[in-house]
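A.B. asks: Using only what follows, build the 3D model:
(2 chains)
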Amino acid sequence: MELTNREIARYSRQIILPGIGVKGQKRLKASSVLIVGAGGLGCPVSSNLAGAGIGTLGIIDYDNIEITNLHRQLLHSESSIGKSKVESIKNFIANLNSDVKVQTHQVLLNSKNALEIITKYDLVVDASDNVATRYLLNDACVLENKTLISGSALQMEGQMTVYNYKNGPCYRCIFPKPPPPETVQNCGDGGVLGAITGVIGSLQSMEVIKVILDHDDVLAGKLLLYDGASCSFRTIKLRNKRQDCDVCGVTPNITKLIDYEQFCGMAASDKDSGLNILESNERVTVEDYRNYNKDHLLIDVRSANEFEICKLNNAINIPIKRLLADKIDNDLKEEMKEKSVFVVCRRGNDSQLAVRHLNEKLGIRSKDLIGGLHSWTHTIDKDFPIY
Amino acid sequence: MLKINLDFSGGAEVLFNNIKKRQLSLESEKKWTLRDFLQYMKENLLTERLELFIQGDSVRPGILVLVNDIDWELLGELDYEIKQNDNISFISTLHGG
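C.D. replies: Presented below is the predicted three-dimensional model:
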């Protein structure tokens, strides 16, 4: 596969690098890379790899663009809200570099479709946003013998490494068991800065190029930690491939894909998972709350920052962590025992945890507002901010 | 005294009063393994629920433990004997993107 004059001009600034050359550029052109996730990490990975002239990019994401994506998912635009993320990236790449072939997969990656998609590509980028997909992708890459370039980000930190590369460890070697669901935060709840996903996505792109070019110092068996708050980069040494790893060990237990949502106890997306742990007499609709005109207390269990964004009249802020740790002012606790208590949060999940805690542990008779402030906006006051 | 540097990242700091870095001096009369030190952390440093940090007799899944930037599994895990000026890190893994 020779380079055309147009390609020579286009890629000249990287072809002249000693580590690349014409041979390297041809390798990039002959390569195919699957990017799993068209979000905060998937955007910079897609633009970097398309710019560098990777021949074929596959992009997989079932999701459509929302306004809350745009601060970090910079290939999407305001005019594309509601439209498919993979199509949006495909359009971006068509404008940037029409020589790149883009294959879109607008599906949720699962145990049934993963292998047939992954097998078509040389290597895989994990730019996903949840634990179940990370285990699924790891196992699928081990079974298909593909290298996995994995990145993740939350708040002001990011992590990146390369799994299943030249006899190095896989994700399961490092994390044989998934974390307890209650300890896992997603970007919707924990927040994340676009500059962080930008840094990690760019680092992933660099490792993709190094793997394709068979560079010596690929970040396998090590984990890079980036802390934006202190602008520190650290590379730590991970354990070796485990002989007894469930999927890549000598006698693996996992020889075909399993049910990863069940294995992790978590959904394979970072969307709201509707909690439903209360009896119906411990809950009220937002309409019933609006019509309730007796003296009462309204407890808002969101974080202080979220409380600053918007709040209902007379709401008192006790962040869920403080409430569950019983760090409630004594006078307020007494008042809560005497009055009707309602609890609200953003979407109506934490408010249920709070009500269960208040009612069972503190003997308070509280009720949660079903669907939280999102419901308030949808059914009572369309001018109330939503985030 | 046995002086060590302790750091938390990836959200693990939330379990320890939100302090990312601290220096500690441990009584050096006895030897300290990481097993002893986890017990010390449980009793003296942990500010959140125990199960968010410990499962069984070790650290819960999803938190990496490092000594001087090396995975503790390469060093003997709970049996590793802490040395003067060791940097001990607890890193919670991130999943977002």
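A.B. asks: tell me the pLDDT at the residue in chain A positioned nearest to chain B?
C.D. replies: Going by Cβ to the nearest Cβ, chain B is nearest to A:Pro179 of chain A, at 2.8 Å. In short, each C-beta sits where N, CA and C put it, glycine included. The pLDDT attached to A:Pro179 in the predicted structure is 94.
A.B. asks: which residue sits closest to it, ignoring its sequence neighbours?
C.D. replies: Counting by Cβ to Cβ, 6 or more residues apart in numbering or on different chains, B:Gly62 is the residue found nearest to A:Pro179 once chain neighbours are left out, at 2.8 Å.
A.B. asks: so who does the one you found touch?
C.D. replies: Contacts of B:Gly62 were listed using Cβ atoms under 8 Å, 6 or more residues apart in numbering or on different chains, and they are A:175, A:178-180, A:183-184, B:92-93.
A.B. asks: Backbone torsions only: list them for the residue most central in space within chain A.
C.D. replies: Within chain A, the residue whose C-alpha comes closest to the C-alpha centroid is A:Asp129; the distance, by Cα atoms, centre = their mean, is 1.9 Å. Dihedral pair for A:Asp129: phi -130, psi 20, per degrees, to the nearest 10.
A.B. asks: And for B:Ser89, nearest residue in space, chain neighbours not counted?
C.D. replies: Sequence neighbours aside, B:Leu66 is the residue nearest to B:Ser89 in space, at 4.2 Å (criterion: Cβ to Cβ, 6+ apart).
A.B. asks: Settle this for me: the one you found is touching B:Glu77, isn't it.
C.D. replies: No: under the criterion of Cβ atoms under 8 Å, B:Leu66 lies out of contact with B:Glu77, with a separation of 11.5 Å.
A.B. asks: Tell me which of the two has more neighbours.
C.D. replies: B:Leu66 (23 against 16; other Cβ atoms under 10 Å in any protein chain shown).
A.B. asks: who's that one bridged to?
C.D. replies: With DSSP bridges applied, B:Leu66 shows beta-bridge pairing to B:Asp71, B:Ser89.
A.B. asks: what's the burial count for A:Ser351?
C.D. replies: With neighbours defined by other Cβ under 10 Å, the count for A:Ser351 comes to 30.
A.B. asks: OK, contacts around it?
C.D. replies: For A:Ser351, the contacting residues are A:301, A:343-345, A:368-369, A:372, taking Cβ under 8 Å, 6+ apart as the criterion.
A.B. asks: List the buried residues of the helix or strand encompassing it.
C.D. replies: Under the criterion DSSP states H and E, the helix or strand holding A:Ser351 is helix A:350-361. Applying a neighbour-count criterion of 16 or more other Cβ atoms under 10 Å in any protein chain shown, one finds A:350-359 buried in helix A:350-361.
A.B. asks: and the next helix or strand after that helix, what does it pack onto?
C.D. replies: Tracing the chain C-terminally past helix A:350-361 and defining elements by DSSP H and E, one meets strand A:366-369 next. Under the contact criterion of 3 or more Cβ pairs under 8 Å, 6 or more residues apart in numbering or on different chains; DSSP states H and E, the helices and strands touching strand A:366-369 comprise strand A:283-284, strand A:340-344, helix A:350-361.
A.B. asks: ok, back up a step: TSV please, covering the contacts of A:Ser351 and showing neighbour count and pLDDT.
C.D. replies: Conversion of the contacts of A:Ser351 to TSV gives the following (neighbours: other Cβ atoms under 10 Å in any protein chain shown; pLDDT from 0 to 100):
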residue	neighbour count	pLDDT
A:Val301	30	97
A:Val343	32	97
A:Val344	26	97
A:Cys345	25	97
A:Asp368	30	95
A:Leu369	26	97
A:Gly372	24	96
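A.B. asks: Is the lengthiest helix in chain A in proximity to chain B?
C.D. replies: With residue count as the measure and DSSP state H as the assignment, chain A has helix A:194-212 as its longest helix. Yes: against chain B, helix A:194-212 shows contacts by Cβ under 8 Å from any Cβ of the partner chain at A:197, A:200.
A.B. asks: Any idea how far that helix is from the middle of the chain?
C.D. replies: When distances are taken as Cα atoms, centre = their mean, to the nearest Å, helix A:194-212 is centred 16 Å away from the chain's centroid.
A.B. asks: residues of that helix that come out buried?
C.D. replies: Buried residues in helix A:194-212, counting neighbours by 16+ other Cβ under 10 Å, are found at A:194, A:196-212.
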